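Enquirer: Okay, predicted coordinates and the sequence, questions at the end:
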Amino acid sequence: MRRFFEMLPGFLAWGTLILAGFLSWKEPVWVAFFIILFDTYWFFRTVYLTIILRYSFSKMRQNMKINWMEKIEQLGRSDWKNIHHLIILPMYKEPHEVIWDSFKSLEKCNYDKSKFILVLATEERAGSEPLEAAERIKKEFSGHFEQIFITKHPSGLPGEIPGKGSNETWSIQEIKKEFIDKANIPYENILVSIFDVDTQVYPEYFACLTYNFLTCKNPQRSSFQPIPVFANNFDQVSPFARLVSFQSTFWQMMRQVQPERLTTFSSHSMPFKALVEIGYWQKDIVSEDSRIFWQCYLHYNGNWEVIPLLYPISMDANAAPTLLKNLVNIYRQQRRWAHGAENTSYILTGFFKNKFIPIKKKLYWAFELLEGNHSWATSSLIIATLGWLPTLIGSNDFNVTVLSYKLPQITSTIMTIATFGLINSAILSLILLSFHFQKIKIKNYILYLLEWILTPVTLVIFGAIPALEAQTRLMIGGKYKLGFWVTPKDRYGVKS
């Protein structure tokens, strides 16, 4: 059953694309009407997504103006002073300056830093340089936080895929044994934040996180998700990296106002007690950031949710020393994210075994998983190709009809009208950048706006195609499955 569900996303994607090609040849009239309806559906979906994006953006701006420490104090509770923030920063070969910037942002937080337990989780397989960088950081920031620890994840442990999940599990078990248990800190008083090592927090982040932890309905059964903004090195990366980064940010932003559809992504926070109870992160998977949500969801019989913080954190966009290398890295990163389709097998198999989760929830999430992965791998390709495919390979009888002549014009008109969503996104992207960069040159504003013309290209090359490859690899299995690929983090790049 697990293998069947692992193959299912790839089968559905390829089945759709092959059927679309076959019907364009055999039944071009059907396909012509389908593509008109499909494009119309995407037009209305664009309108809907634009509305919720603007709403989410507005809520985020409001939250960034709030003094969250004042809100905590207004609760009239003192238990927030007992909360410890355990911050795990997995690292591989990131340079000192990347880590330093992240620590500096933590140091500037409007929060009691004596409650911050920082862990630099290094990898043995990365060699001695990362360990030296971690030791240097520990020396530079010693005394600024409750504790700073360095762990070294051994290489070659059985049953592991070398990567972020296995490193996180090793490091947190070490900290539990060597510090938390010895200090007798109650597990329910610890919030764990799992941050990529390039993650920079805004001053009110941990106050906002703590406030949401204190006020949510069930804090010990909740994850807490900020909005990832890939802006740290935005002026050092290629236009393609900027576009793909904003597309990811806006997608996560829209999910924040649809909490029933929200799962954990990249940097997020969750209770330490729950991590201990579920057995930490699984060590043999690629998509550990989303899998941890499903582990909790199954373990607690559906009694787990993600609380949207509607507050940003800043991370690095994908950078490389040359344009070609940058394009390759963007593709590989998107393919790794798309490999989250592996969760389909895990969760659907888990649904069959778990008798306590209501059937309504099971059906809802099953559809969300399958539709989301299918849309990721096929929608952009369908929009890009089906408008002209029936006229190209359809019968001669179809090619002399008015419908054949009008089809490209109709689809083009619908998609052109839908570009208002693109213009909206371009404008919001500039406002978002201003949160991180105080001064942006006028010529760069113009450049960043014009770059959005490349969106259709990025949606296909860095959206549908890597997703289709990831699902195909899962479908074939064996040696074709992906391992964990570490996105390079450095402050270099293709200059604008």
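Expert: Arrived safely. Nothing here was measured: the structure is a model prediction, and the numbers come from that model.
Enquirer: Run through the stretch 251-400 of the chain and note the low-pLDDT ranges.
Expert: Within the stretch 251-400 of the chain, the stretches with pLDDT under 70 are 395-400.
Enquirer: where along it do the strands fall?
Expert: The residue ranges that make up the strands of the stretch 251-400 of the chain, judged by DSSP state E, counting those that start in this stretch, are 268-271, 305-315.
Enquirer: So which of those is nearest L157?
Expert: Between L157 and those, the shortest gap by Cβ to Cβ is with strand 268-271, which sits at 23.8 Å. Where C-beta positions appear, they are placed from N, C-alpha and C, glycine not excepted.
Enquirer: Let's check: the centremost residue of the protein is which one?
Expert: The residue at the geometric middle of the chain, judged as the C-alpha nearest the mean C-alpha position with Cα atoms, centre = their mean, is F265 (4.1 Å).
Enquirer: That residue contacts S290, doesn't it?
Expert: Yes - F265 is within contact range of S290, at 6.4 Å (criterion: Cβ atoms under 8 Å).
Enquirer: just the strands of the stretch 251-400 of the chain: most buried one?
Expert: Sort the strands of the stretch 251-400 of the chain by mean neighbour count, taking mean count of other Cβ atoms under 10 Å, and strand 268-271 sits at the top with a mean of 25.
Enquirer: who does the longest helix seen in the chain touch, helix- and strand-wise?
Expert: Counting residues, the longest helix in the chain under DSSP state H turns out to be helix 28-64. Secondary-structure packing of helix 28-64 (3 or more Cβ pairs under 8 Å, 6 or more residues apart in numbering; DSSP states H and E): helix 2-26, helix 239-256, strand 305-315, helix 359-385, helix 389-393, helix 396-399, helix 402-417, helix 420-436.
Enquirer: I'd like those as TSV, with distance to N67 appended.
Expert: Compiled in TSV, the helices and strands packed on helix 28-64 are given as follows (distance: least, Cβ to Cβ, whole Å):
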stretch	distance to N67
helix 2-26	45
helix 239-256	21
strand 305-315	13
helix 359-385	36
helix 389-393	56
helix 396-399	65
helix 402-417	43
helix 420-436	17
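Enquirer: list the contacts for L106?
Expert: Neighbour list for L106: I87, K113, F116, L118, F145, V201 [criterion: Cβ atoms under 8 Å, 6 or more residues apart in numbering].
Enquirer: How much space separates E129 from G421?
Expert: With distances defined as Cβ to Cβ, to the nearest Å, the gap from E129 to G421 amounts to 45 Å.
Enquirer: neighbour count winner among the two?
Expert: A direct count of neighbours by other Cβ atoms under 10 Å for E129 and G421 places G421 higher, at 20 against 13.
Enquirer: And the more buried one, how close does it get to E451?
Expert: Separation of G421 from E451 (Cβ to Cβ): 16 Å.
Enquirer: F462 too?
Expert: Applying Cβ to Cβ to F462 and E451 gives a distance of 13 Å.
Enquirer: Neighbour count: these two, which is higher?
Expert: F462 (23 against 19).
Enquirer: Now the more buried one, what are its backbone angles?
Expert: As for F462, its main-chain torsions (degrees, to the nearest 10) stand at phi -110, psi 10.
Enquirer: just the one 4 residues further on next, same as before
Expert: The phi/psi pair for P466 (degrees, to the nearest 10) reads phi -60, psi -30.
Enquirer: That one: neighbour count?
Expert: When neighbours are counted by other Cβ under 10 Å, P466 registers 22.
Enquirer: And the one 3 residues further on, by the same measure?
Expert: E469 has 19 neighbours, counted by other Cβ under 10 Å.
Enquirer: in a helix, that's where it is, yeah?
Expert: Yes - counting by DSSP: H, G, I helix; E, B strand; the rest coil, E469 falls inside a helix.
Enquirer: Do I have it right that it meets R335?
Expert: Yes - with contact defined as Cβ under 8 Å, E469 reaches R335; the gap is 5.8 Å.
Enquirer: Between those two, which contacts overlap?
Expert: The contact lists of E469 and R335 share no entry, where a contact means Cβ under 8 Å, 6+ apart.
Enquirer: Let me see the contact set for P312.
Expert: Under the criterion of Cβ under 8 Å, 6+ apart, the neighbours of P312 are M60, M64, Y202, P226, I227, P228, V229, F435.
Enquirer: That should have said S166, apologies.
Expert: Contacts of S166 (Cβ under 8 Å, 6+ apart): H153, L157, E160, W281, K283, D284.
Enquirer: pLDDT value on it, please?
Expert: We have a pLDDT of 92 for S166.
Enquirer: Just the residues contacting stretch 370-385, thanks.
Expert: In contact with stretch 370-385 (Cβ under 8 Å, 6+ apart) are residues 8-9, 12-13, 16-17, 20, 35, 38-39, 42, 338, 340-341, 344, 415, 456, 459-460, 463-465, 467-468, 471.
Enquirer: Which positions in that stretch come out as buried?
Expert: When neighbours are counted by 16 or more other Cβ atoms under 10 Å, the buried residues of stretch 370-385 are found to be 370, 372-374, 376-385.
Enquirer: Go through these and say which is closest to E97.
Expert: So of these, ranked by how close each gets to E97 (Cβ to Cβ), first place is W376, at 34.1 Å.
Enquirer: now that closest one: how far from S248?
Expert: Spatial separation of W376 from S248 under the definition Cβ to Cβ is 12 Å.
Enquirer: And for M415?
Expert: The spacing between M415 and S248, counted by Cβ to Cβ, is 22 Å.
Enquirer: just Y211 next, same as before
Expert: Distance from Y211 to S248, by Cβ to Cβ: 26 Å.
Enquirer: I figured W281 was touching T169, is that so?
Expert: Yes - W281 sits in contact with T169 when judged by Cβ under 8 Å, with a separation of 4.8 Å.
Enquirer: list the residues that contact both of these two?
Expert: With the criterion set as Cβ under 8 Å, 6+ apart, the contacts of W281 and T169 do not overlap.
Enquirer: backbone phi and psi for S222, please?
Expert: Backbone dihedrals for S222, given as degrees, to the nearest 10, come out at phi -140, psi 140.
Enquirer: what's the burial count for it?
Expert: When neighbours are defined as other Cβ under 10 Å, S222 has 21 of them.
Enquirer: List the contacts of the nearest residue to it once chain neighbours are set aside.
Expert: Taking Cβ to Cβ, 6 or more residues apart in numbering as the measure, S222 lies nearest to I307, with 5.0 Å between them; neighbours along the chain are not counted. Each residue near I307 by Cβ under 8 Å, 6+ apart is listed here: N212, C216, S222, S223, F224, Q225, P259.
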